[in-house]
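K.L.:
A structural model of the following input is requested.
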Amino acid sequence: MKYIYICNMKDNLQLATKYLYESIQGRYVTATHLYSFLETLPSVFKISTVGFSVKQQPIKVIQFGEGKVKILIWSQMHGNESTTTKGLIDYLNFLHHNENEFESLSKLVTFYIIPILNPDGAAAYTRENANGVDLNRDAFECTQPESKVLRTVLETFTPDYCFNLHDQRTIFGLLESQKPATMSFLTASYNEARTFNSVREEAAAVIVGINNELQKYIPNQVGRFDDSFNINCTGDYFTNRGYPTILFEAGHYVNDYNRDEVRKFVFIALKAAISFINENDIVSNDLGNYLNIYQNNKCFYDFIFKNVKINDNNVEKNIKFAVQYKEVLKGNRIEFIPEIIQIENLDTFFAHQTIYFENKMYEYEDRNFPKIGDIIKV
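P.N.:
Take a look at the predicted model:
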């Protein structure tokens, strides 16, 4: 099977910025937001309902192109992971306003895109669907209506590549660079041994192409996600079935908790992935280049407070503690509530922001020592 390489002739970050769909911003992205965007697309983007959620919300699909390469893309199977949905919308907005690009791409690729697989979870800003089920742990048993939709699409569309779009928490970073994992990727395993067959190698080759492009914009901030095998996970199940599946994980970028900068790197990753799906003859060093991408680690906190004076049983001492934002849906926006999540034992962790308490006494309610769950002003 032969694929054609599409050259990147413009600065992709400039394109991502120019075509950012400004009507959708912030962390809270629902089907209602999506519908407003879909109404802007011309008829060459074929929009239909492919199924319904637990609460009978329509699951929309966008289809276009007539090329031999078939790419299946879905986002927001976890309802509170909206960054990749925004980047996907920006990419579609780019194609909408670039007729030559759209026509050239449509001759090469057939797309089947589900922008929000879990509309109930998106509305409630929860990882799970309305039945409390993590759809990314339901691939094998396929018990949920949203899972059945995705399974049916897979078996009827029979894609050459699957793009599984997610967000990852701010805790993920890279030990080698001591930077956050702003974007991470994975060619999912197909067996317990995590061996590489031709299916995984195809996906790995595309990830290498994505990484090469992203390094221009976020050097040493691209990670490789853990590939532990779980047949209930969508990527693992699809790879086991013989479909090259690439996991996209949008992470943290400095001071970007609303992730409206990170969405630009999602745009770049999508554009690069589609561009680098070419002849895809796996060369001997592609797998090595994939394995050389720094692996994700849970090594970051949002804040680490240092030099905090406390009173421990009438003994004064200095300590440090970590604070993590808890995301809470309030009305139609997400509030970030800073909570203490770890006290001491922080020597192997980094912080997105370090705050020096200058040996001031800790005060919370009627005590001078911290507890897990304390709400901290930052």
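K.L.:
show me what contacts Ile376?
P.N.:
With contact set as Cβ atoms under 8 Å, 6 or more residues apart in numbering, Ile376 has these partners: 303, 305, 323, 338-340. Bear in mind the C-beta positions are built from the backbone N, C-alpha and C, glycine included.
K.L.:
which of those residues count as buried?
P.N.:
303, 305, 323, 338, 340 (16 or more other Cβ atoms under 10 Å).
K.L.:
of those residues, which pair is most distant in space?
P.N.:
Spatial extent of those (Cβ to Cβ) is set by the pair Phe305 and Pro338 at 10.3 Å.
K.L.:
which residues are in contact with both of these two?
P.N.:
With Cβ under 8 Å, 6+ apart, Phe305 and Pro338 have common neighbours 323, 376.
K.L.:
and the contacts of Ile376 as a markdown table, adding secondary structure, distance to Tyr19 and pLDDT?
P.N.:
Shown next, in a markdown table, are those (DSSP: H, G, I helix; E, B strand; the rest coil; distance: Cβ to Cβ, whole Å; pLDDT from 0 to 100):
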| residue | secondary structure | distance to Tyr19 | pLDDT |
| --- | --- | --- | --- |
| Phe303 | strand | 34 | 98 |
| Phe305 | strand | 40 | 97 |
| Val323 | strand | 35 | 98 |
| Pro338 | strand | 33 | 98 |
| Glu339 | strand | 36 | 98 |
| Ile340 | strand | 40 | 98 |
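K.L.:
those: which two are farthest apart?
P.N.:
The widest separation within those (Cβ to Cβ) is 12.3 Å, between Phe305 and Glu339.
K.L.:
now for those two: what residues contact both?
P.N.:
323, 376.
K.L.:
the helix or strand hosting Phe267 packs against which elements?
P.N.:
Using DSSP states H and E, Phe267 sits in helix 262-276. Counting by 3 or more Cβ pairs under 8 Å, 6 or more residues apart in numbering; DSSP states H and E, the packing neighbours recorded for helix 262-276 are helix 12-18, helix 83-96, strand 161-167, strand 183-187, helix 198-214, strand 245-250.
K.L.:
make it 10 Å
P.N.:
helix 12-18, strand 69-75, helix 83-96, helix 99-108, strand 161-167, strand 183-187, helix 198-214, strand 245-250 (3 or more Cβ pairs under 10 Å, 6 or more residues apart in numbering; DSSP states H and E).
K.L.:
okay then, goodbye and thanks.
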